[in-house]
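Engineer: give me a model of this one.
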Amino acid sequence: MDYDVVIGLEVHIQLLTDTKIFCGCLTKFGDAPNTNVCPVCLGMPGVLPVLNEKVVDFGIKLGLATNSTISERNIFARKNYFYPDLPKGYQITQYDYPLCKKGFLEIDVDGGSKRIGITRIHMEEDAGKLIHDEKEDYSYVDFNRSGVPLLEIVSEPDMSSTKEAVAYLKELRQIVMYLGICDGNMEQGSFRCDANISVKPKGSSTYGIRTELKNMNSFRNVQNALEYEISRHVELIEQGKQVEQETRLWDAGLGVTRTMRTKEESHDYRYFPEPDLIPLIVDSVWIERVKKTLPELPREKRHRFAKDYGIPMYDAEVLTQQRDVADYFEACLKFIDAPKDVSNWIMTEVLRVLKEESIDITKFNVTPEMLANMIALIKKGVISGKIAKGVFEEMHRTGKAAYIIVEEKGLLQITDEGVLREKAKAILDSHPKEVKSYKDGKVQLLGFFVGQLMKETRGKANPKLANKVIKGLLEE
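Structural biologist: This next block holds a predicted model:
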């Protein structure tokens, strides 16, 4: 029997605010345990929360970027459950009145596009973190993360394959990074995903029983966990067994999911309005103020790059992965009208250096003007592409302009046909057997002779002219 897959995703993003959602404690990652805490985020009796306005700004930003309706009236709620890392015994979140609702994202997959609905986006506080001792039979609790502001983005169950789920996650992650509201770090947990998944007989209008998956900290883990769970559901159904509604953890080491707990329903959390926070009113003036700060979003940017600059969509996707890299690309084009050449250099050499040195492009010392001027030297025939790679490395090492490096190191390309002819003739004279083989029909030896000439000139010979000269001599 064929099956339809139904996937919905719940994504939590940690916001890039300086302070927590309801107090003035820092949100800095990696500080010593329990140093960024106060009576409010530790849940001490008698304290009152005060909402961080920037959290609302960021929420509105994301709502606008995902085509959502921004709610005018917002009410916070208490979500009640007990866990050692939740100091108050409840989490302040939103339930009946979320900040954003009824949005959507367009994703590109399999050569087409698909709209994925977004049910809601709401604000909430994070819990603390449990640290389990590997040697002793107890755990530590670090409350530094308690009260860190989150946005939860709940999708509609519109994804019908693991490929679509990963495409949605990547698109959403790019958006929050472009907006500057989240760093998108999945390993540190600032962008984390839970998945709800079910399968049903192909064409059926009745949903199957779903399971929720947790503990997936990379796109690969999301895809692998979903694929495993799809297979598990199908196997149970075909054995005549029942799929249990539960929450399961992904074990990346073993490549399996395992039961964590029986799936809770909303009534299990006993939601009720948060009595310590008054209703939040978001008016049109507030929304318009935030709207003016929105950048061009990644999907629009990559389609514009492909259309306006005539570069392949693959190039556009690579260049727009990070907003700063996309900006660097366009800055280069202010100095030279060569989009594909600039794209090639950024995708190969620039991104290579950034990866090797673990830096972002804002700390890269080869400015857009420097890179553009070096490419201009190639296009004018002053240096070859091979020489340019060495020039690029020297530019990065010293911060010097390309033309200065070329002059200092005597790297000017040899474009004098007479000089190249003389050197080429000497090479042919020293390889009589190869010359005879060429004339007998082994024409691929042309590349050998050109290589010898490039070696003789230490890469300075103009490649096109080198080919022309050697071919001419061989055919005399």
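
Engineer: tell me which stretches of the stretch 151-300 of the chain form helices.
Structural biologist: Under the criterion DSSP state H, counting those that start in this stretch, the stretch 151-300 of the chain contains helices at 162-179, 219-238, 284-291, 298-309.

Engineer: who's in contact with the third one?
Structural biologist: If I follow you right, that is helix 284-291. Identification of contacts with helix 284-291 by CB atoms under 8 Å, 6 or more residues apart in numbering yields V56, D57, I60, K61, L64, I70. Using the backbone N, CA and C atoms, a C-beta is placed for each residue, glycine as well.

Engineer: before we move on, back to that, can you lay out the helices of the stretch 151-300 of the chain as TSV showing mean pLDDT?
Structural biologist: Listed next are the helices of the stretch 151-300 of the chain as TSV, based on pLDDT from 0 to 100:
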stretch	mean pLDDT
helix 162-179	97
helix 219-238	95
helix 284-291	98
helix 298-309	96
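
Engineer: and these, which is most packed in?
Structural biologist: Scoring the helices of the stretch 151-300 of the chain by mean neighbour count under mean count of other CB atoms under 10 Å gives helix 162-179 as the most buried, with a mean of 21.

Engineer: could you check the angle helix 219-238 makes with that helix?
Structural biologist: 150 degrees (axes from the mean of the first three to the mean of the last three CA atoms, to 10 degrees).

Engineer: and helix 162-179, how far from the chain's centre?
Structural biologist: Centroid displacement of helix 162-179 relative to its chain, using CA atoms, centre = their mean, to the nearest Å, is 7 Å.

Engineer: ok, now stretch 189-199?
Structural biologist: Distance, centroid of stretch 189-199 to centroid of chain: 17 Å (CA atoms, centre = their mean).

Engineer: returning to what we had before: and the furthest pair within the contacts of helix 284-291?
Structural biologist: V56 and L64 (12.6 Å; CB to CB).

Engineer: just to revisit the earlier point, could you export the helices of the stretch 151-300 of the chain as TSV, including distance to A388?
Structural biologist: Converted to TSV, the helices of the stretch 151-300 of the chain look like this (distance: least, CB to CB, whole Å):
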stretch	distance to A388
helix 162-179	31
helix 219-238	34
helix 284-291	44
helix 298-309	21
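
Engineer: V199 contacts V6, doesn't it?
Structural biologist: Yes. Assessed by CB atoms under 8 Å, V199 is found in contact with V6 at 7.1 Å.

Engineer: who touches both of these two?
Structural biologist: G208.

Engineer: higher neighbour count, those two?
Structural biologist: V199 (24 against 17; other CB atoms under 10 Å).

Engineer: residues touching the closest residue in space to G147 that isn't next to it in sequence, list them.
Structural biologist: The shortest distance from G147 to any non-neighbouring residue, by CB to CB, 6 or more residues apart in numbering, is to C41 (3.5 Å). Taking CB under 8 Å, 6+ apart, we find C41 in contact with K20, F22, C23, C25, P87, E125, F143, S146, G147.

Engineer: hmm, 10 Å instead?
Structural biologist: Listed by CB atoms under 10 Å, 6 or more residues apart in numbering, the contact partners of C41 are 20-25, 47, 49, 87-88, 125-126, 128, 143-148.

Engineer: quick one: which of the residues you listed sit in strands?
Structural biologist: Here DSSP state E is the test, and the contacts of C41 give E125 as lying in strands.

Engineer: filter the contacts of C41 down to the buried ones and hand me the PyMOL line.
Structural biologist: This is the PyMOL syntax for the buried subset of these, where burial follows 16 or more other CB atoms under 10 Å:
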select buried, resi 20+21+22+23+25+47+49+87+88+125+126+128+143+144+145+146+147+148
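
Engineer: surely V141 touches I131?
Structural biologist: Yes. Counting by CB atoms under 10 Å, V141 does reach I131; the two are 7.5 Å apart.

Engineer: can you list residues touching both of these two?
Structural biologist: P33, D85.

Engineer: between the two, which one's more packed in?
Structural biologist: Per other CB under 10 Å, whichever of V141 and I131 has more neighbours is V141, with 16 against 12.

Engineer: just checking, what packs against the host helix or strand of the more buried one?
Structural biologist: Here V141 sits within strand 139-142, counting by DSSP states H and E. With contacts defined as 3 or more CB pairs under 10 Å, 6 or more residues apart in numbering; DSSP states H and E, the packing partners of strand 139-142 are strand 129-132.

Engineer: which outside residues touch the strand it packs on?
Structural biologist: 33, 83-85, 138-146, 189.

Engineer: tell me the one of the residues you listed nearest V382?
Structural biologist: Using CB to CB, G189 comes nearest to V382 of those, at 50.2 Å.

Engineer: I figured that closest one hits Q14, correct?
Structural biologist: Yes. Contact status for G189 versus Q14: in contact at 7.1 Å, counting by CB under 10 Å.

Engineer: give the residues shared as contacts by those two.
Structural biologist: By CB under 10 Å, 6+ apart, the residues touching both G189 and Q14 are F29, D126, R145, V148.

Engineer: grab the nearest non-local neighbour of the second one.
Structural biologist: Okay, so that is D126. Excluding the flanking residues, the one nearest D126 by CB to CB, 6+ apart is V148, at 4.2 Å.

Engineer: before we move on, what about the first one?
Structural biologist: On the basis of CB to CB, 6+ apart, the spatially nearest residue to F29 that is not a chain neighbour turns out to be Q188, at 6.0 Å.
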